[in-house]
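S.K.: generate a structure from the sequence data that follows.
(2 chains)
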Amino acid sequence: MQHVSAEHQAVVSLDTLYTAETPEGIALSLRPAGAAPRALAYLVDLGVRFGVFMVLSIAAIPLGGMGQGLLLVSYFLLEWFYPVFFELTGSGATPGKRIFGLQVVMDSGLPVTPAAAITRNLLRAADFFPFLYASGLLTMLLRRDFKRLGDLAAGTLVVYDDTVALHGQLPDAPATAPVRPLAPREQAAIVAWAGRAKRLTPARLDELAQLARSVTPGQGGDATGRLLGVAQWLVGNRDTGGRR
Amino acid sequence: MQVDAIAVELRPRPMWEASDLGVRLVQAHARSLWRTWLPLYLVFALLALATVEVSPWLPPVLIFWLKPWLDRSILFVLSRAVFGQATGFADLWAAKGSVWGGQLITTLLWRRFSPWRAFTQPIYQLEGQRGTARRQRRKQLLRQQRGAALGMQIAFSCITTSLTFGTLALALWFAPEELRGDVLNWMAGRGQDDSVLASLCTAGVYAAVVALLEPFYVAAGFAMYLNRRVQLEAWDIEQEFRRAF
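M.R.: Numbering: from 1, shown residues only, chains lettered A, B, ... in the order given. Coordinates of the predicted model:
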């Protein structure tokens, strides 16, 4: 197993993950979000804000001069506190961000604090410079953690809060023990393989099972069936194993 | 394709996260990318800018129109970068026949209008199917992914717009306050003289923004394509199996 883990480290694999360390010394992997989804989320929020402002403008017409004043106040609040308000609610995301599965958190992985939410949104003025958020977009493209200037100042991070599950139910198979003890990563790979049985074509499933032939007991024949057995054994359904 | 040699962490991701992986790929292989693609692009952009004499709007249109063809060179570098290989201009030159000459007509005509160009480009350039097989492959890849692929393209056109106008605005910020109106008029081609020079400047800004952004855009589409193959063909599991067993 030592050999295997050394090999894993030898492969320099590129990923987007951002590692945050908790005070307890636990490393958390956060999945920061970059320029493309955030630009689209911004456009959605812009639309929402515009819609709200339109409704308010129509409502303000009968109020005359006071309506004008209220409208200006509401414009100010919409521009500067719409994101702050939504980021401090439970989901930590404006409606636009929620559509794209994004969330604002502190870069320690904790929920965003009021001070940080205000800072990162006031600093949008810096990100907007010189025009149309050019500097914000540029920093998002050039930084590994995709932070814009406001995120840098506030110590916040925009992350993905949704995950993708390709995993389904494991198909039934008589449980069999693998021929050697498996490293956690190998176990996870075999269980993930079995969980995708419904998504993949039988030919592709078998092609992958052939790769793991060295850990299944027995020779020749049905590689898929035997690896499914190992997967069942790994997830703990071992009571059916007596038949083998 | 040797999946185990892929130097990118494959795991099931939301499509948006995959597009960000493309951005990381560009950051990690920036040297290879711009060393290879910038010489080609500079020659091309200079030729395109020279057409300003013909018509003031021609240079940006030419650059915009030929982007799908230019993208092929970028994808060539990226397809080596996912295996951790560095690329120089000599490598591109050695493969110029297939990279520059392949599928010329479709690249320059109807694929220019594809709303998910970068996402489907790897099928055309790297998979090597033809005819019906390729059409089916494209359909399979796009199934339920059209929204994300289109959204990514929209996002990058917004970023292009933002950076282009941002750069022009920066020039305005630096202009003396009483001259700002004149500078703005000059940029918009409403100046008294030198309108050719003004068009050249705005087209040059657009060309520079494309030089910076195009690799990010192509890489985002390519990473989304890789993510789709994780969904369809479990490449992430193949990667794990080949490393482990």
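
S.K.: now do the most centrally placed residue in chain B against chain A, distance only.
M.R.: By CA atoms, centre = their mean, chain B has its centre lying nearest to B:Glu214, at 3.2 Å. Between B:Glu214 and chain A the computed distance is 12 Å (CB to the nearest CB, to the nearest Å). From N, CA and C alone the C-beta is placed, and that goes for glycine too.

S.K.: near chain B, anything from the strand or helix carrying A:Leu138?
M.R.: Using DSSP states H and E, A:Leu138 sits in helix A:134-142. Yes: using CB under 8 Å from any CB of the partner chain, helix A:134-142 reaches chain B at A:Ala134, A:Ser135, A:Leu137, A:Leu138, A:Leu141, A:Leu142.

S.K.: contacting residues around the nearest residue to the fifth one once chain neighbours are set aside?
M.R.: Yep, that's A:Leu141 we're talking about. Excluding its sequence neighbours, the residue lying closest to A:Leu141 (CB to CB, 6 or more residues apart in numbering or on different chains) is A:Ala35, at 5.5 Å. Residues in contact with A:Ala35 (CB atoms under 8 Å, 6 or more residues apart in numbering or on different chains) are A:Leu137, A:Met140, A:Leu141, A:Phe146, B:Val23, B:Ala155, B:Ile159.

S.K.: if we go to 10 Å?
M.R.: A:133, A:136-142, A:146, A:148, B:19-20, B:23, B:155-156, B:158-159, B:162, B:216, B:220 (CB atoms under 10 Å, 6 or more residues apart in numbering or on different chains).

S.K.: of these, buried ones?
M.R.: For the contacts of A:Ala35, a neighbour count by 16 or more other CB atoms under 10 Å in any protein chain shown gives the buried set as A:133, A:136-141, A:146, A:148, B:19-20, B:23, B:155-156, B:158-159, B:162, B:216, B:220.

S.K.: buried stuff in the one helix or strand A:Phe76 maps to?
M.R.: According to DSSP H and E, A:Phe76 maps onto helix A:64-88. Under the neighbour-count criterion of 16+ other CB under 10 Å, helix A:64-88 has A:Leu71, A:Ser74, A:Leu78, A:Tyr82, A:Pro83, A:Val84, A:Phe86, A:Glu87, A:Leu88 buried.

S.K.: okay, and for chain B, where does confidence drop off?
M.R.: Where chain B drops to pLDDT under 70, the residues are B:1, B:191-194.

S.K.: which one's the longest helix in it?
M.R.: Scanning chain B for the helix with the most residues, using DSSP state H, yields helix B:195-233.

S.K.: hmm, who's touching the helix or strand following the helix holding A:Leu138?
M.R.: Following helix A:134-142 in sequence order, the next helix or strand is helix A:149-154 (DSSP H and E). The contact list for helix A:149-154 (CB under 10 Å, 6+ apart) reads A:32, A:83, A:104, A:106-107, A:112-113, A:115-129, A:135-136, A:138-140, A:143, A:145, A:147, A:156-158.

S.K.: mind checking how far B:Val99 is from chain A?
M.R.: Distance of B:Val99 to chain A, given as CB to the nearest CB: 23 Å.

S.K.: what count of nearby residues applies to residue 180?
M.R.: As the question left the chain open, I've gone with chain A. Here the count is done by other CB atoms under 10 Å in any protein chain shown, and A:Arg180 has 10 residues near it.

S.K.: sorry, I should have been clearer: chain B.
M.R.: B:Arg180, neighbours per other CB under 10 Å, totals 14.

S.K.: do A:Pro174 as well
M.R.: 16.

S.K.: with A:Gly47 instead?
M.R.: 12.

S.K.: the one 5 residues further on now?
M.R.: The burial metric for A:Val52, expressed as a neighbour count using other CB under 10 Å, is 13.

S.K.: B:Ala48 now?
M.R.: 21.

S.K.: thinking again about what came up before, buried among the contacts of helix A:149-154? Make that a ChimeraX selection.
M.R.: Buried residues among the contacts of helix A:149-154 (16+ other CB under 10 Å), as a ChimeraX selection:
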select /A:32,83,104,106,107,112,116,117,118,119,120,121,123,124,127,128,129,135,136,138,139,140,143,145,147,156,157,158
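
S.K.: so of the contacts of helix A:149-154, which ones are in helices?
M.R.: A:83, A:115-122, A:124-128, A:135-136, A:138-140.

S.K.: find the nearest non-adjacent residue to residue 68, please.
M.R.: Picked chain A for this. Looking at A:Gln68 with CB to CB, 6+ apart, the closest residue is A:Ala60, at 6.9 Å.

S.K.: hmm, no, I was thinking of chain B.
M.R.: B:Thr107 (4.9 Å).

S.K.: which residue would be the closest one in chain B to chain A?
M.R.: Across chain B, the shortest distance to chain A (CB to the nearest CB) belongs to B:Gly166, at 2.6 Å.

S.K.: just give me the neighbour total for that residue.
M.R.: 23.

S.K.: surely it is in contact with B:Val209?
M.R.: Yes: using CB atoms under 10 Å, B:Gly166 is in contact with B:Val209, at 8.9 Å.

S.K.: who touches both of the two?
M.R.: A:Ala134, B:Ile159.

S.K.: how about the contacts made by the closest residue to B:Asn227 other than its chain neighbours?
M.R.: Leaving aside its chain neighbours, B:Asn227 sits nearest to B:Ala18 (3.6 Å; criterion: CB to CB, 6+ apart). By CB under 10 Å, 6+ apart, the contact list for B:Ala18 reads A:16, A:164, B:10-12, B:119, B:148, B:152, B:220-228, B:230-231.

S.K.: let's see that with 7 Å instead.
M.R.: B:Ala223, B:Met224, B:Asn227 (CB atoms under 7 Å, 6 or more residues apart in numbering or on different chains).

S.K.: and if you look at B:Met15?
M.R.: B:Gln145, B:Ala148, B:Met224, B:Asn227 are the contacts of B:Met15 under CB under 7 Å, 6+ apart.

S.K.: tell me the contacts of the first one?
M.R.: By that I understand B:Gln145. The contact partners of B:Gln145, taken as CB under 7 Å, 6+ apart, are B:Met15, B:Arg228.
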